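Student: Below is the structure, and that's it, no one-letter string:
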């Protein structure tokens, strides 16, 4: 079945970010298609490549990046939510005159329309948040 | 009186970040000394310089930076919480092999001992969070 | 009646935006509204439900001048211009909070808990904020 | 008795760490513990209170293998080695949650709500997580 | 038209489980995850409410989140089913929609 | 030894206000801020509990947060005092410690 996932909280602060990851892995293992994972609200913080979690703990962003590469996942970070919170890709950084960007591999920044499209195209949408 | 402030949530997602800012401003206006503002948990996200909030809304980080400059405030971001969440200064970025940093002007990254010291030195500690 | 998604112009789904949180304390109310405004461009069947603390989002007379935060409540009045006209508010949630429909910034349809529960079960997609 | 902060070696304050949240659902339990470990180096009077959902932090037998998150509960057993020995748990909070002191990973002092409230009012600094 | 409801908040701290149960129609299912798993425990102040919800509805609890919190399956209310992530996925696909009570 | 307690959560969503009132000793003060201000309103399901807390304690509500949410001062429970940020600072300095019920 074609599924979509919405992630509304950042990594570490709330388990919601882990739950979304575990659910996505389990769905892929069962052979389902993940149409898109959309990161909204503080969920955009999942998409930073600058995180350095302790070595004895999980690296949520890296797990998403690896999963995206392995399964060709579409990981979309909401542009409006990301701008507010300081998550930028190179072109966004340039557009806003910022001297650095921080988006992680496998994530792309796009508009809220991508969330609506996921709701239309996927057969089920599962929301993880606080 | 000598006061300290602890901020446990990031900007925009929770009003706690705004409340801490408004409280600090009001305390300074009344002539109190702010010994330190310590940013912990998701509060470390207050310290990114990459945020681009909508032009018709407030810029929480910029207000902290301006307040720090005007009143010589000590804004300390917890290093452990910041590493987890991808808030780095230039030396942290270098130390962890990251190609960018994102700390905002007026903020510095330091250890949790700075929070304990604030609790010892300040006459009151006020906590804002979720 | 044919299932809507069997029509030629592509699927039309029933999207419900469920708002259960108070404004300003957290950003969910504002960012939920931002999704709704985008959703309007997609020609889907959009409705908004306000229950639990979500009913506070529609309170008249919001004045954020003293906290330095943007007052986004006028946007609810603009929804009609986007053809978003199905706003449902739960009666029981209002009562517990000492509110009536007169306290709200826009005209809404007040539904009982049972009516709202039934309506939720008729949706294709539920977005919870 | 002289006020402790009148002594030469600098102020000694009573710090209480108040833990009211369940572990894993949010990071507060873990990051609260990280503060406590640092606090141990400061020669202050440190105590930890567990009430409301905070009592779940001390539940025996935590096994996070299936969720891929670090199990930090063994650290509570290490607190004694840092000379942090005042762990207070609220009786009423345990009861509501169907727990007893036997369910907890470390020995604690179980206090009634009234006793804990009085103790809180004797602190110099209260850190809430 | 059956809905899968998810609850991820502790019933001792937030009212999400209450709200969910009041809105979960007969025939629907409730899945407790994250801090929501505390709602599945026997002999607590909310056990009766959850037992009552079993009348006409299915209630599931996510084992991985239960075990992380040090709770064994034998502490779970009779009639509440312990499931893993694979079964969580099945619940999603077998129901017509998922409603998260955040 | 008087404590200033702060509550920033809606009493309709979370139990923080409940917990705070149960632990706030006579002589202490409670300040409602952010979504906590809803606890200061008349004619709600929690008004009686807050009125009861006034017996032996002071209760304050932060006006800026109240007004942001569209609530005028005349909707506030009798005996609960509406204060601004400057008075919030005074409350902090006039009490011996601040305890946040997050």
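Tutor: Sure thing, it's come through. Predicted model, so just to flag it, every value in this text is computed and none were measured.

Student: middle-most residue in chain C, spatially?
Tutor: Among the residues of chain C, the one closest to the centroid is residue C:48, at 2.8 Å (C-alpha atoms, centre = their mean).

Student: Could you tell me how far the closest residue to chain D within chain C is located from residue C:53?
Tutor: Closest contact between chain C and chain D, by C-beta to the nearest C-beta, is at residue C:26 (13.9 Å). For the C-beta atoms, the positions are set from N, CA and C on the backbone; glycine is no exception. To residue C:53, residue C:26 is 10 Å away according to C-beta to C-beta, to the nearest Å.

Student: and the two? which has more neighbours close in?
Tutor: residue C:53 (28 against 24; other C-beta atoms under 10 Å in any protein chain shown).

Student: what distance separates stretch C:24-38 from the middle of the whole chain?
Tutor: 10 Å (C-alpha atoms, centre = their mean, to the nearest Å).

Student: buried set for it?
Tutor: Using 16 or more other C-beta atoms under 10 Å in any protein chain shown as the test for burial, stretch C:24-38 gives C:24-36, C:38.

Student: Around chain E, which positions in chain A sit nearby?
Tutor: Within chain A, the positions lying close to chain E (C-beta under 8 Å from any C-beta of the partner chain) are A:1, A:3, A:8, A:15-16, A:19, A:22-23, A:25-27, A:29-30, A:32, A:123-130.

Student: Which members of those residues are positioned in helices?
Tutor: A:16, A:19, A:22, A:23, A:25, A:26, A:27, A:29 (DSSP state H).

Student: Can you report how many residues lie near the second one?
Tutor: So that's residue A:19. 27.

Student: quick one, what contacts it?
Tutor: A:128, E:8, E:33, E:34, E:65 (C-beta atoms under 8 Å, 6 or more residues apart in numbering or on different chains).

Student: and if you look at the third one?
Tutor: Residues in contact with residue A:22, defined by C-beta under 8 Å, 6+ apart, are D:67, D:68, E:64, E:85.

Student: Okay, it and chain F: tell me how far apart.
Tutor: Here the criterion is C-beta to the nearest C-beta, to the nearest Å. By it, residue A:22 lies 26 Å from chain F.

Student: ok, residue 4 - how many residues close by?
Tutor: Picking chain A for this. Residue A:4: 25 neighbours (other C-beta under 10 Å).

Student: that's the wrong chain, I meant chain E
Tutor: By the criterion of other C-beta under 10 Å, residue E:4 has 24 neighbours.

Student: what's the answer for residue C:41, then?
Tutor: For residue C:41, using other C-beta under 10 Å, the count is 11.

Student: I'd guessed residue A:81 sits against residue C:32; true?
Tutor: No. Contact criterion C-beta atoms under 8 Å: residue A:81 and residue C:32 do not qualify, at 11.6 Å.

Student: quick revisit: distance to chain C and neighbour count for the contacts of residue A:19 - can I get that in JSON lines?
Tutor: Supplementary listing: these in JSON lines, determined by distance: C-beta to the nearest C-beta, whole Å; neighbours: other C-beta atoms under 10 Å in any protein chain shown:
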{"residue": "A:128", "distance to chain C": "10", "neighbour count": "29"}
{"residue": "E:8", "distance to chain C": "11", "neighbour count": "27"}
{"residue": "E:33", "distance to chain C": "14", "neighbour count": "27"}
{"residue": "E:34", "distance to chain C": "14", "neighbour count": "27"}
{"residue": "E:65", "distance to chain C": "19", "neighbour count": "29"}
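
Student: Narrow those to those in strands?
Tutor: Secondary structure assignment by DSSP state E places residue A:128 of those in strands.

Student: Next step: the contacts of residue A:19 restricted to helices.
Tutor: Those of the contacts of residue A:19 mapping onto helices are residue E:65, per DSSP H.

Student: residues from chain A in reach of chain C?
Tutor: A:6, A:8, A:40-41, A:80-81, A:111-113, A:115-117, A:119-120, A:125, A:127, A:129.

Student: how about residue E:58, what does it touch?
Tutor: Taking C-beta under 8 Å, 6+ apart, we find residue E:58 in contact with E:28, E:29, E:30, E:81.

Student: which stretches of chain C form helices?
Tutor: So, for chain C - with DSSP H - the helices run C:28-39, C:74-78, C:91-96, C:113-120.

Student: do the same with chain E
Tutor: Assigned by DSSP H, chain E shows helices spanning E:16-23, E:47-53, E:63-68, E:85-94.

Student: can the last one be found next to chain A?
Tutor: Yes. Remark: helix E:85-94 sits within contact range of chain A at E:85, E:86, E:88, E:89, E:90, E:92, E:93, by C-beta under 8 Å from any C-beta.

Student: For beta bridges, what are the partners of the most centrally placed residue in chain A?
Tutor: What sits nearest the mean C-alpha location of chain A, by C-alpha atoms, centre = their mean, is residue A:39, with 4.4 Å. As for beta bridges, residue A:39 partners with residue A:7, residue A:77 under DSSP bridges.
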